[in-house]
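coordinates only, sequence not included:
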């Protein structure tokens, strides 16, 4: 599944979802340096450096063009403030995307993940022609599961001690939404 060369910008009532630029690297570093963000996200190390942020951002365009992922910055429309990211990691063979996100801790509880999630799920089904969108979260982070349920994903399973984060084996809850069950 090849995508168009330029990742589109998505808008919601309060948010703009667009590409990261290297100018965002210091802010990404700042957000991801918060141990609470790293603790609830599978693939963010702690400490997190500006170099890590720059490398991550630099990979986005090529990965999008190759159909491997669609990674969006989440910005507040009113002031263009970067507050997080939302992404789909794409399994081209299975026409499946894995939803992932993180939000600046100060913005937790404001409904931004659900708002951005609705836009990227629509993008995944209607633009990328995915058949399924899945997501996982550590079971000790039940708020993430509530976000997924708000987005229409259904819990499909529980994987015991499936992921190792900081030398602790974490249980994972798995959610999914198939195209046949999707309503925009």
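Sure, I can see it. Since the structure is predicted, the reported quantities are computational estimates derived from the model, not experimental observations.

so, low pLDDT: which residues of this protein?
1-4 (pLDDT under 70).

can you rerun that using 90?
1-6, 35-49, 138, 140-141, 159, 161-168, 170-171, 183-184 (pLDDT under 90).

so residue 127 makes contact with residue 8?
Yes: assessed by Cβ atoms under 8 Å, residue 127 is found in contact with residue 8 at 7.4 Å. Just so you know, the C-beta spots here come from the backbone N, C-alpha and C atoms, and that holds for glycine as well.

mind listing the helices for the chain?
Using DSSP state H, the helices of the chain run over residues 25-32, 35-40, 50-65, 112-126, 142-150.

OK, contacts around the spatially most distant residue from the centre of the chain?
What lies farthest from the middle of the chain is residue 167; by Cα atoms, centre = their mean that is 23.7 Å. By Cβ atoms under 8 Å, 6 or more residues apart in numbering, residue 167 lies in contact with nothing.

oh, and call the first residue 778 from now on, that's how I've got it
From this message on, residue numbering opens at 778, which makes the last subject residue 944.

hmm, residue 956 is touching residue 901, no?
No: distance between residue 956 and residue 901: 9.2 Å, which falls outside the contact criterion (Cβ under 8 Å).

which one of the two has more residues nearby?
residue 901 (24 against 14; other Cβ atoms under 10 Å).

I'd say that one and residue 908 touch.
No: using Cβ under 8 Å, residue 901 makes no contact with residue 908, being 9.8 Å away.

which residues of this protein fall in strands?
787-788, 792-795, 846-853, 858-868, 873-880, 909-915, 931-942, 945-955 (DSSP state E).

for the fourth one, packing partners?
It stands for strand 858-868. If you count contacts as 3 or more Cβ pairs under 8 Å, 6 or more residues apart in numbering; DSSP states H and E, strand 858-868 packs onto helix 802-809, strand 846-853, strand 873-880, helix 889-903.

how does it look with 10 Å?
Counting contacts by 3 or more Cβ pairs under 10 Å, 6 or more residues apart in numbering; DSSP states H and E, strand 858-868 packs against strand 792-795, helix 802-809, helix 827-842, strand 846-853, strand 873-880, helix 889-903, strand 909-915.

nearest to residue 821 among these would be which one?
With Cβ to Cβ as the measure, helix 802-809 is the member of the helices and strands packed on strand 858-868 nearest residue 821 (5.3 Å).

who does the closest one touch, helix- and strand-wise?
With contacts taken as 3+ Cβ pairs under 10 Å, 6+ apart, helix 802-809 sits against helix 827-842, strand 858-868, strand 873-880.
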